[in-house]
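> Okay, sequence plus prediction incoming.
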Amino acid sequence: MSAERWLFWHRRDLRLTDNLGLAMAVAATPAVTGVFVLDPAILGAPDMAPARVWFLFESLRELQQRWREAGSRLLVLQGDPELVLPQLAEALAAPVVAWTRDVEPYGRARDRRVAAALQAAGRKVLVDWDQVLVAPEALKTGGGDPYRVYGPFLRNWRGQVERKSAAGSALSGGLEPVVAPVALVDFDPADLPEPRASLWATLPLQANLPSLEDLGQAFEGAELCPCRPGETAALAQLQRFCDGEPGAGRGIPLLGYEPGRNMPGQAGTSGLSAALKFGTLSPRQAWAAAQAARELAGSSEALESIQVWEQELAWREFYQQALFHFPELAEGPYRPQWKLFPWDNHQGRYEAWCEGLTGMPIIDAAMRQLNESGWMHNRCRMIVASYLVKDLICDWRWGETAFMQRLVDGDLAANNGGWQWSASSGMDPKPLRIFNPSTQASKFDPEGAYIRHWLPELRHVNTKDLLSGEIAPMERRGYPAQLVSHKSQQARFKALYAALPKPGGG
Ligand code: FAD
Ligand code: FO1
């Protein structure tokens, strides 16, 4: 008798190696079929970015190949998962559909509907966490509340990660990555008995992925984007970051992460954000590579660098658990008084910000990096976010959407967290955070290398003027004058903020 066939539903875990949900399915049966559902509700959303669709489709192409090599197949179907998955499970007579959980409100509601539809048809679902090292429900304060502040979250998270590190394989609750399956069993559609064969024929199968042009999502920045799609590229990128490039004669980027991570003109960060967002890399693989690099660290500075990178992985999980516990974060400011803020919302200034035409070089360089490559350095994300909100006095939600429409790693939890942090509307206890763009540029791009790279029209301008943005009209050669003065806008912003009603009245 042939083994019973299970389905594994991929969403943002586009890999075979160290895929916990898949490994759990394979532990039960070698006859596993993979499925990804192209969901029009997600792909057609107004904040979809061509860069993300590109990354997703390229990763799916490789994943299909990996499934074939492992002996089975990945089906790519199109439609509402609530309808498509029960139909597929019926056609393959699969008693169980497995997947891993997500924190996003849309995904959670979708998963509840899919699970109910499958269960109504007598099938079982197998779900667990996989996109974080520590499950959001396991992260609570001593009083049993979710964390609102990063510091205490980090202490709890690190303690749990260290305990899990000692617990062996991910399959038994530890952090050791699981190997990819190798001997899966496929099926032949021609062997499906009636009525399953007829059901199969009705499935909205996607033999070839539609072209990005057909989807209206052509992405021209693929060559410039530092995030490379697919599981193989993610692992290679992780290795280069944590192990160095063999023969390249350069150091190991991770060991110089502090202070390299703050310099946008250097490749000092991993560029793994899209891989972690789409799960072409697991956080366990990232964690394991960081632990292995400890052996290579010959100084306390290098060890400190590794720790700082681990803390960035913790920020990722902080924002994921925040969105899980406070889904209302996705709807607007966490601090209610910000709902009353009298934003200028000047359309022309907002558009100039989007296009990289504000006349402030560090801002424009960063926005051009985003527009041309689908990615922006973290330091610059903070600078441009502060500028949009505190200098242009524009609602941070406009910036949140503009980022989602462009970022290859656009992730609701991290992006919303980053914007609420920058706007001072979030859970972070610091009330007002205002960056002076010129001071930031002087500190983090002191030679102006990053600015000159993304704003070639300003290459001739001397570094001092490039950093301050005080460029003489003769020198501008078509580059715009500054839209606003940081000094006066900062004063205006502070006055508007001071006039807001304070929490608890007064
Ligand atoms: P590294 O420095 O190598 O860090 C390793 C990983 O840690 C990253 O790949 C990422 O998964 C995680 N990480 C690092 N910093 C943060 C952070 N502050 N918050 C959450 N996770 C972090 N990150 C996204 O992944 N998607 C987003 O949509 C996103 N939007 C942002 C918006 C704003 C306004 C700000 C200030 C930050 C945003 N970030 C976002 C966080 C951060 O900028 C990126 O994760 C980082 O630049 C990715 O580059 P890297 O992979 O080289 O990071
Ligand atoms: N998940 C899907 O299941 N189907 C999709 O078509 C899909 C497209 C997609 C595009 C961009 C992006 O950033 C993510 C995408 N995802 C898709 C993953 C998505 O984040 C998860 O499904 C979430 O659970 C949705 O809340």
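Good, I have the coordinates. Ligands and ions are numbered 1, 2, ... in the order given.

> What separation do you get for residue 17 and residue 99?
17 Å (Cβ to Cβ, to the nearest Å). In this view, the C-beta of every residue, glycine as well, is placed from N, C-alpha and C.

> So for these two, which sits in the more crowded spot?
Higher neighbour count among residue 17 and residue 99: residue 99, with 25 against 20, using other Cβ atoms under 10 Å.

> Pull up the residues of the stretch 201-350 of the chain that are close to ligand 1.
Listed as neighbours of ligand 1 in the stretch 201-350 of the chain under the rule Cβ under 6 Å from any ligand atom: 261, 269-273, 276-277, 312-313, 315-316, 319.

> Quick one: buried ones out of those?
Among these, those buried by neighbour count (16 or more other Cβ atoms under 10 Å) are 261, 269-273, 276-277, 313, 315-316, 319.

> Adding pLDDT and secondary structure, write the residues you listed out as a markdown table.
As requested, these are exported to a markdown table (pLDDT from 0 to 100; DSSP: H, G, I helix; E, B strand; the rest coil):
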| residue | pLDDT | secondary structure |
| --- | --- | --- |
| 261 | 97 | coil |
| 269 | 98 | coil |
| 270 | 98 | coil |
| 271 | 98 | coil |
| 272 | 98 | coil |
| 273 | 98 | helix |
| 276 | 98 | helix |
| 277 | 98 | helix |
| 313 | 98 | helix |
| 315 | 98 | helix |
| 316 | 98 | helix |
| 319 | 98 | helix |
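
> coming back round to it: any chance of the residues of the stretch 201-350 of the chain next to ligand 1 in TSV, with distance to ligand 2 too?
Converted to TSV, these look like this (distance: Cβ to the nearest ligand atom, whole Å):
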residue	distance to ligand 2
261	24
269	20
270	19
271	17
272	15
273	12
276	12
277	7
312	20
313	19
315	19
316	14
319	14
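
> which one of the buried ones among the residues of the stretch 201-350 of the chain next to ligand 1 is nearest residue 497?
Distance to residue 497 across these (Cβ to Cβ) is lowest for residue 319, with 24.0 Å.

> quick one: contacts for that closest one?
413-414, 416-418 (Cβ atoms under 8 Å, 6 or more residues apart in numbering).

> excluding its backbone neighbours, what's nearest it?
Nearest residue to residue 319, sequence neighbours excluded (Cβ to Cβ, 6 or more residues apart in numbering): residue 417, at 3.5 Å.

> Would you mind measuring from that neighbour to residue 423?
To residue 423, residue 417 is 11 Å away according to Cβ to Cβ.

> Likewise for residue 163?
Distance from residue 163 to residue 423, by Cβ to Cβ: 35 Å.

> Looking at these two, which one has more neighbours?
residue 423 (26 against 13).

> Need phi/psi at that one.
Main-chain torsions, residue 423, degrees, to the nearest 10: phi -80, psi -10.

> shift numbering so it begins at 15
Sure, I'll start counting at 15 from here, so that last one is residue 437.

> how about the closest residue to it other than its chain neighbours, what does it touch?
Leaving aside its sequence neighbours, residue 437 sits nearest to residue 410 (Cβ to Cβ, 6+ apart; 3.7 Å). Counting by Cβ under 8 Å, 6+ apart, residue 410 touches 347, 399, 402-403, 433-434, 436-437, 439.

> model confidence over the helix or strand containing residue 362, on average?
Using DSSP states H and E, residue 362 maps to helix 361-369. Mean pLDDT, helix 361-369: 98.
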